Each structure stands twice: as structure tokens, then as C-alpha cells.
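Enquirer: Give me coordinates for this.
(2 chains)
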Amino acid sequence: MDMITIPAVNVTPILPEIFLSVLAMVLLLINVLIPGDRKTYLSYLSFIGIVVTGVLVGAGWGGHIESFNGSVVLDNFASFFKIIFLVAAGLAILISDQYMEREGCNHGELYPLILFCVVGMMLMASGTDLMTIFLGLEVMSVSLYVLAGFNRANKKSNEAGLKYFLLGAFSTGFLLYGMALTYGATGTTRIAKIAAAVGQMSLPSANIMLVAGMLLMLTGFAFKVAAAPFHMWTPDVYEGAPTPMTAFMSAGPKAAGFAAALRIFLVALPTLQVEWSQVLWVLAVLTMTVGNITALRQDNIKRMLAYSSIAHAGYALVGFAAGNGTGTAGILFYMLSYAFMNIGAFAIIILVAKKGECNGTVQDFAGFGFKHPVLAAAMTIFLFSLAGMPPTAGFIGKFYLFSGAIQKGYIWLAIIGVLNSAASVYYYLRVMVYMYMKESTEEFDWMQVTAPMALCVAISVIGSLIPGIVPSLILQYAQEAIKLI
Amino acid sequence: MENLNGYLIISAILFSIGTIGVLTRKNAIVIFMCVEMMLNAVNLTFVALSRHLGNLDGQVFVLFVMTVAAAEAAVGLALMIAFYNNKESIDVDDINLMKW
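Expert: Numbering: from 1, shown residues only, chains lettered A, B, ... in the order given. This next block holds a predicted model:
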């Protein structure tokens, strides 16, 4: 009998993933073995784990190592996105403990689930094979379904989990069908080989199987990044899920969806760029407009930020439709800044809310600016950054996304984007008007700012301001990251 | 394999039936079964293409899809039980607390 030869495997590219997986499993065991209801130590342990993983990812910067027979790669593109996921997860872990304690669902499984979710997202960013990307996406999604429905006793959380599960599984079907048809048209699932096979076709846009596969994959990713018209699940899931998980979901998985989509479309299907950028043009306009217009009439602040998160996916799609250096570097920059500013805003929302998710409307912020000037100032910075005003990170991010579109000749796309951005100022400013210009009806005496909470707000403020003041600090890394494309 | 088109058409039909089922059915478990049907239609596509192309990538993919579908089923049914405990129903018309 022939011996099966096992190819040499280099585990360096997936070292951060291995570390996080092992840590998550150890934490699960610790959670079972150490009795007691207080699970705060788990949040500290997982935060330390996130920081260590960040160091591991940073140590791999600049390298280019392929491994597992070309199905994962360690490159700057993957590393940059891994840092975004770690930022999102780290900040979400910092704000989780207090919230979960208050809502009475501080089960220790929360932290391992977040870590597993990060592992999935990392595999999506570093996968260079449709199989790796699919597995990463599912590891991420399955963890997220549980996280969305984590507050078992709460009906809204139940609904969020079930709804996310049904629609997420549904969208996975489309993504998979797209992958199957792409495999059929090119005969391989490796991204580099797909690119080679498509490059040899005389007229790839006439290959029905390939084009159908591309469109189905696009649909699947549009679901995951919450782009209109596939955004219907977003507001309900974001409103119902526990607030720290909403913060995490809006920043991490969205970036992961863009990471995988960018790699597939820019590396594997560049020959079809004319076709897919037309589709993305339409999706970007729809997503921005639907998100912003609907956000205008929301009173529930979590729901408002959910629609705003749809709009932000639209801005990133502008850069994706452009598909050039400026646009894609803009996506990387924007996703990182968005993680900071959005999770920061959600941290303030958690502080203002009372037990049972009460106090979650815009009106409840009345007079907040006089009672807690420092926190209100932080919230102002986050909202300014979300609205895209200088000198915040949000402004620079949008600047690069839209200038990418202009360089590509999509003048109208950039104009619609800027108009949308202007419309969005209304609902962000509305919160500020309530904070600073309305009489307070509440004393906000239930608020207690714990150390992790304060740390999260401080990091988010720095993360929303510094890239806006010295953009080159982040942008040079983003530009190095997209060199593969 | 001579009859690739036949297999592709059958799996496209199965996929469409699954999609229509997800969009029209009301019971969460039936919806989930329709999703499983979509996934299995994709599996059939993969296997047929794998035979036709003469490489094994597609069949390996199918193994992963089945594993993932099992994990998804475990999580999904748990979510449905949690929902049922609170609402005494798994009808999607009862998923109605949040609306815009």
C-alpha cells in the first residue's frame, strides 16, 4: 500500500488563530471548574488573551507566508484586518461584564464565544481558498447566532437570535451556491488558481456559470455586511441582541465580510471588475440611502445606530465599487475607525441604560451633558466621527472612500455619498441636541462607571481622534496592506 | 459523466424549492428544513461538478458543508427551544416584538 505523503505544514500563519482557540477552550474549562457566579475574571483573562494575540499578529507584519497547501496566507492584508477584529472584540469584552451583570445573564460562555467568533473572522481574512473562507464565515456566524440570543430570558434577545439564525443560514445557502458555481466554472477552489483560470478564458463575462456564481457570492456577502436590499435582519437583530454584542456585531463581522469579499473579488475575479463594480455601485447607493433615510425617524437609539451601521456599510461599498488603491485602503482605514467610534458610542448607551434595556431612546439622553460632562463630550466625539466631521477619523475615512470613487470616475457615486453623509448629520446631531439643549428629567444617579468601561471609552476616544488628526499613522499601514491587490 | 446538465438542473430546482419554502413557510423548523434543502442542493452541485471535472476539491467541500450544517442545526434548534420557552410558539409570525 502506498504511503500517504503529508506535505510539510507551516503553522506560523495561523499562530494567532491557534492561540485564541486554545485560550477559548481553556476558558470554557475554567468556567466549568471554578464555581461561583462572578465571571469578571474571565473577561480580564480574555482581554489579556486579545492583547497577546494582537502582539502575535503585529510580530507577523511584513511577512508573506503561504501554508496548508495554499489555503491560508499570512500577509499584511490579513494582519490589518486581524487587528480590526481584535480591537472590536477587545472593546466589546471591556463593556460586556457590567452589562451582563446588570441584565443577570453573566454566563461565562460569553467570552469563549467571542474568542471563537474572532478566530472565524481571522480565518476569513487570511483564507485564500473558498473552503477556508467558508469555514471561517461559519465559525463566526454560528458563534454570533448564540451571542445575539445570549440573554435567554429576554424575549427580544430570543427573537434576535432566531431571526439572525434563520436569515444567516439562508444567506449562507446563496454564498455556497455561488462558490459551487465558481468551482464548476474554474475547476478549483483556490483563489489564485481561480484568477489564473478566469484569466485564460477568452470572454469571462459570457461564461454564465461564472457570472452566476459571482453574483450569488455577492448576495451572500451583501447579507453578511448588511447591505441593502439584504439588510432587513439588521435593525431587529441589533435592537434585540445584548448591547455589547450589538457593538461587536456592527464592527467585527462587517469588517470580516469585507475582508473576504475584497480578497475574492479583487484577487480571484479582477477580470470581471467591470461587471461586479456596476452591481456594487447600485448596492452602495441603495445601502447608503436606505440606511440614512430610515435612521432619521428612529427613536430607539440602538435601532438608530443599526440603520446608521447599514449606511456605513454603504460608504465602505463606495470604496469597494471603486476597487482601486485609494478606495480599498479607505475601506481598511474606515473599518478600523468605525470599530472605535461605534463601540465607543455603544459603551455610552450601556452606561445610560437601566436594567432591562430601559432608557434606550434618544429622549433619555436629555440633559446628559450637564450631569456627566466628560462622558457626554466623549459621546459627542463618537457622534461627530460617525457623522464624518473633521478632525475625526470618520471624516478622513470617508474622504479616502469618496476620493477613490472620484479617481475611478464615479463622480455621481461620490456626490450621492456626500449628500447621504450630510443627511446623516441630522440624526447624530439630534442626540447631541438632547444631551446639551434639553432640560434633564433624570438625575442619572444609577450610572456607575467601572474601570473597564472607562478604559473602553478612553481607548475609543483616542481611536476616533488620532487617525483623524494624523491620518498617515494608520493610512501607511492600510496602504502596505493592500499591496497584494 | 455524460449527464452533468441533468444534475445541475435538478440541484437548481431543489435550491429554488428551498428558497421558496424559506420565503413562504411560517414554522421556524420547516424554514430551517428548507435551508437544509438549499445546502444539500449545493452539495449535489458540488459532487456532480467534482465528478465532471475529475478533481476531488468539490467532494471535500461537501464534507465541510455537512459538518457545518450539523453544527448550525445544533445551535439553531437550541435557539428555537429558547424562543419556545418564552413564547410557546415557533411560528415566525410570532417573531414580532420589533418592527419599524
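
Enquirer: Below-threshold pLDDT in chain A: ranges please.
Expert: Along chain A, the parts satisfying pLDDT under 70 run over A:1-3, A:6-7, A:484-485.

Enquirer: Looking at it, what residue ends up closest to chain B?
Expert: Ranked by C-beta to the nearest C-beta, the top residue of chain A for proximity to chain B is residue A:173, at 3.7 Å. The C-beta positions use only the backbone N, C-alpha and C, and glycine is treated the same way.

Enquirer: Mind naming the longest helix for the chain?
Expert: Using chain A here. Counting by DSSP state H, the longest helix found in chain A is helix A:155-186.

Enquirer: oops, I was thinking of chain B
Expert: What stands out as the longest helix in chain B, according to DSSP H, is helix B:57-87.

Enquirer: is chain A contacted by that one?
Expert: Yes: applying C-beta under 8 Å from any C-beta of the partner chain, one finds that helix B:57-87 is in contact with chain A at B:57-58, B:60-61, B:64-65, B:68, B:71-72, B:75-76, B:78-80, B:82-83, B:85-87.

Enquirer: What subset of the residues you listed is buried?
Expert: Neighbour-count burial (16 or more other C-beta atoms under 10 Å in any protein chain shown) applied to those gives B:57-58, B:61, B:65, B:68, B:72, B:75-76, B:78-80, B:82-83, B:86-87.

Enquirer: From those, which shows the smallest pLDDT?
Expert: Ranked by pLDDT, those bottom out at residue B:87 (85).

Enquirer: Go ahead and confirm that one touches residue A:155.
Expert: Yes: when contacts are counted by C-beta atoms under 8 Å, residue B:87 is listed as touching residue A:155 (6.9 Å).

Enquirer: need the contact list for residue A:347.
Expert: Going by C-beta atoms under 8 Å, 6 or more residues apart in numbering or on different chains, residue A:347 touches A:91, A:94-95, A:247, A:453, A:456-457, A:460.

Enquirer: Quick one: mark the members of those residues that sit in helices.
Expert: The helices in this structure, assigned by DSSP H, contain A:91, A:94-95, A:247, A:453, A:456-457, A:460 from the contacts of residue A:347.

Enquirer: before we move on, the earlier item: and which of the contacts of residue A:347 is nearest residue A:77?
Expert: Distance to residue A:77, by C-beta to C-beta, is smallest for residue A:91 among the contacts of residue A:347, at 22.3 Å.

Enquirer: and the closest residue to the closest one other than its chain neighbours, what helix or strand is that in?
Expert: Nearest residue to residue A:91 in three dimensions, chain neighbours excluded: residue A:343, at 4.3 Å (C-beta to C-beta, 6 or more residues apart in numbering or on different chains). Using DSSP states H and E, residue A:343 sits within helix A:325-352.

Enquirer: Run a quick neighbour tally on the residue nearest to residue B:49 when sequence neighbours are not counted.
Expert: Distances taken as C-beta to C-beta, 6+ apart place residue A:184 nearest to residue B:49, at 4.1 Å, with adjacent residues excluded. Close neighbours of residue A:184, defined as other C-beta atoms under 10 Å in any protein chain shown, add up to 22.

Enquirer: can you pull the contacts of residue A:184?
Expert: Residue A:184 is in contact with A:209, A:213, B:8, B:45, B:49, B:52-53, counting by C-beta under 8 Å, 6+ apart.

Enquirer: Which two of those residues have the greatest separation?
Expert: Farthest pair in the contacts of residue A:184, by C-beta to C-beta: A:213 and B:52, 15.2 Å.

Enquirer: Show me which of those two is the more surrounded one.
Expert: With neighbours defined as other C-beta under 10 Å, residue A:213 and residue B:52 compare such that residue A:213 has more, 23 against 18.

Enquirer: close enough to count as contact, that one and residue A:175?
Expert: No: using C-beta under 8 Å as the test, residue A:213 is too far from residue A:175 to be in contact (10.3 Å).

Enquirer: any shared contact partners between those two?
Expert: Counting by C-beta under 8 Å, 6+ apart, no residue touches both residue A:213 and residue A:175.

Enquirer: Pull the contacting residues for residue A:146.
Expert: With contact taken as C-beta under 8 Å, 6+ apart, residue A:146 is in contact with A:113, A:161, B:75, B:78-79.

Enquirer: Swap in 6 Å and give it another go.
Expert: If you count contacts by C-beta atoms under 6 Å, 6 or more residues apart in numbering or on different chains, residue A:146 has them with A:113, B:75.

Enquirer: Helix A:155-186 and the helix or strand containing it, what's the angle between them?
Expert: When elements are assigned from DSSP H and E, residue A:146 belongs to helix A:130-148. Compare the direction of helix A:130-148 with that of helix A:155-186 by axes from the mean of the first three to the mean of the last three C-alpha atoms, to 10 degrees and you get 170 degrees.

Enquirer: With adjacent residues omitted, what lies nearest to the residue of chain A closest to chain B?
Expert: The shortest distance from residue A:173 to any non-neighbouring residue, by C-beta to C-beta, 6+ apart, is to residue B:38 (3.7 Å).

Enquirer: Same question for residue A:156.
Expert: Of all residues not flanking residue A:156 in the chain, residue A:240 sits nearest, at 3.9 Å (C-beta to C-beta, 6+ apart).

Enquirer: got the contact list for the one you found?
Expert: By C-beta under 6 Å, 6+ apart, the contact set of residue A:240 is A:156-157, A:159-160, B:98.

Enquirer: Identify the farthest-apart pair in these.
Expert: Maximum pairwise distance in these, criterion C-beta to C-beta, is 10.9 Å, between A:157 and B:98.

Enquirer: ok, these two, which is more surrounded?
Expert: residue A:157 (27 against 18).

Enquirer: Phi first, then psi, for residue A:324.
Expert: Reported as degrees, to the nearest 10, the phi and psi values for residue A:324 are phi -100, psi -180.

Enquirer: Tell me the secondary structure at residue A:42.
Expert: Per DSSP: H, G, I helix; E, B strand; the rest coil, the local secondary structure of residue A:42 is helix.

Enquirer: shaky segments in chain B?
Expert: Scanning chain B for pLDDT under 70 picks out B:1-2, B:98-100.

Enquirer: one more time with 50, if that's ok
Expert: The model of chain B has pLDDT under 50 over residues B:100.

Enquirer: Mind telling me which residue of chain B is nearest chain A?
Expert: Going by C-beta to the nearest C-beta, chain A is nearest to residue B:38 of chain B, at 3.7 Å.

Enquirer: what helix or strand does that residue sit in?
Expert: Taking DSSP H and E as the criterion, residue B:38 maps to helix B:28-53.

Enquirer: for that helix, packing partners?
Expert: Helices and strands touching helix B:28-53, by 3 or more C-beta pairs under 6 Å, 6 or more residues apart in numbering or on different chains; DSSP states H and E, are helix A:155-186, helix B:4-24, helix B:57-87.

Enquirer: Report the inter-axis angle for it versus helix A:155-186.
Expert: In terms of direction (the same axes, to 10 degrees), helix B:28-53 departs from helix A:155-186 by 10 degrees.
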